[in-house]
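Asker: Okay, here's the prediction I keep looking at, along with the sequence it came from:
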Amino acid sequence: MLTATKREANGSRHILGDTDVQFIADLIHSETGVRLNHTKKTMIQARLIRRMQTLRLSSLDEYVSYLRHSPDGVTERSALVDILTTHKTDFFRERHHFDYLLETALPSLHQPRYHGGWRLWSAGCSTGEEAWTLAMVLANYFGEEANWRFRILATDISEMVVDRAMKAVYPRSVVETIPFEYRRFVMHGRGRQAGNIRVVPELRKMVTFNRESLLDPASGGNEPFEIIFCRNVVIYFDRDATALLVKRLVRRLVPGGYLFIGHSETLDSNSVGLQPVAPTVFRKT
Ligand SMILES: C[S@@+](CC[C@H](N)C(=O)[O-])C[C@H]1O[C@@H](n2cnc3c(N)ncnc32)[C@H](O)[C@@H]1O
């Protein structure tokens, strides 16, 4: 049993002072655009305690000083981004977006102009479910594999999630979230992979994953996109970062291209040259 003094010492090792909370929040903001405020202190502390233990450091003070002063501190920022950003996602998350894409957006686009076909971007792709869902919907739209004329770029700032997304391996339970008609695009693992599913190789060829920050003006490359999904990303950004990103995304769309955002996100569409066409779906004018 811990004595009172030990308990106290243990407790203070696990508490971040306000200055350190501000330092961590500012670091995350400058790396990602995500604004964490003081109401997130408990969450920040809990996640940093796990990280501090992994690094075998003995207190949060030591962890913050490692971040600030150690030569490894710069690389540690990447781990910090992994643990302090929210990665929740699902296959066919907000199903109405994929119905709209299949039934309305894709038929309204000009036939693919580029050699590789339509270009889609899952911006802030987390562990890949959104990009794989797009690939399933597009493959379904085109039918035979020989007719697939699309490419998908999927990007996220977190190395940890991009690595997982590229593997395209998920627990078997996710099949429940994939509508029946799309289940042919996953295969069931055997042996050591029993209990997992994997996206089929034909679809895996259609998606490229990159670790990139959306704050980087070069993110997404140079070629324009017909469709951009940037969902549940700017919800964590402050106003300025959101406005800047939305402007850049619109610039990356072809005229008549579509931007899909998350259900609890809003944007001032007119001022950036977008027309709302369905809830949380916009078309470039
Ligand atoms: C909640 S997930 C959303 C995943 C998916 N778009 C969806 O709606 O299901 C948000 C993702 O945005 C990523 N993210 C946050 N800031 C970013 C930035 N500046 N650049 C790229 N990705 C970022 C996070 O790492 C996280 O994986």
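Answerer: That came through, no problem. Numbers count the residues shown, from 1 in each chain.
Asker: burial measure for residue 102, as a count.
Answerer: 14 (other C-beta atoms under 10 Å). The C-beta positions use only the backbone N, C-alpha and C, and glycine is treated the same way.
Asker: again, but for residue 196
Answerer: A count of nearby residues for residue 196, using other C-beta under 10 Å, gives 18.
Asker: who's in contact with it?
Answerer: 169, 170, 171, 172, 188, 189 (C-beta atoms under 8 Å, 6 or more residues apart in numbering).
Asker: what do you get for residue 102?
Answerer: Counting by C-beta under 8 Å, 6+ apart, residue 102 makes contact with 137, 140, 141.
Asker: Stretch 155-171 near the ligand at all?
Answerer: Yes: using C-beta under 6 Å from any ligand atom, we find that stretch 155-171 touches the ligand at 156, 157, 158, 161.
Asker: Now do that stretch: distance from first to last residue.
Answerer: 22 Å (C-alpha to C-alpha, to the nearest Å).
Asker: what's next to that stretch, contact-wise?
Answerer: Outside stretch 155-171, the residues that touch it by C-beta under 8 Å, 6+ apart are 31-32, 78, 81-82, 85, 87, 121-129, 131-132, 154, 189, 193, 195-199, 204, 209-214, 219-220.
Asker: Then stretch 44-64?
Answerer: Residues outside stretch 44-64 that contact it (C-beta under 8 Å, 6+ apart): 12-16, 20-21, 23-25, 36, 66, 79-80, 83-84.
Asker: and what of stretch 128-148?
Answerer: Residues outside stretch 128-148 that contact it (C-beta under 8 Å, 6+ apart): 89-93, 98, 101-102, 106, 117-118, 120, 122, 125, 149-150, 152, 154, 161, 164-166, 168, 170, 174, 178, 181-182, 185, 199, 202-203, 206-207, 209, 227, 229, 231.
Asker: where along this structure do the strands fall?
Answerer: Secondary structure of the chain (DSSP state E): strands located at 118-123, 150-156, 169-171, 186-188, 196-199, 207-211, 225-230, 253-261, 274-278, 281-284.
Asker: Pretty sure residue 28 sits against residue 81.
Answerer: Yes: contact criterion C-beta atoms under 8 Å: residue 28 and residue 81 qualify, at 6.7 Å.
Asker: and the gap between residue 260 and residue 120?
Answerer: 10 Å (C-beta to C-beta, to the nearest Å).
Asker: Neighbour count: those two, which is higher?
Answerer: More crowded of residue 260 and residue 120, by other C-beta under 10 Å: residue 120, with 25 against 22.
Asker: Look up how far residue 155 lies from the more buried one.
Answerer: From residue 120 over to residue 155 the distance is 12 Å, taken as C-beta to C-beta.
Asker: Pull the number of nearby residues for residue 245.
Answerer: 21.
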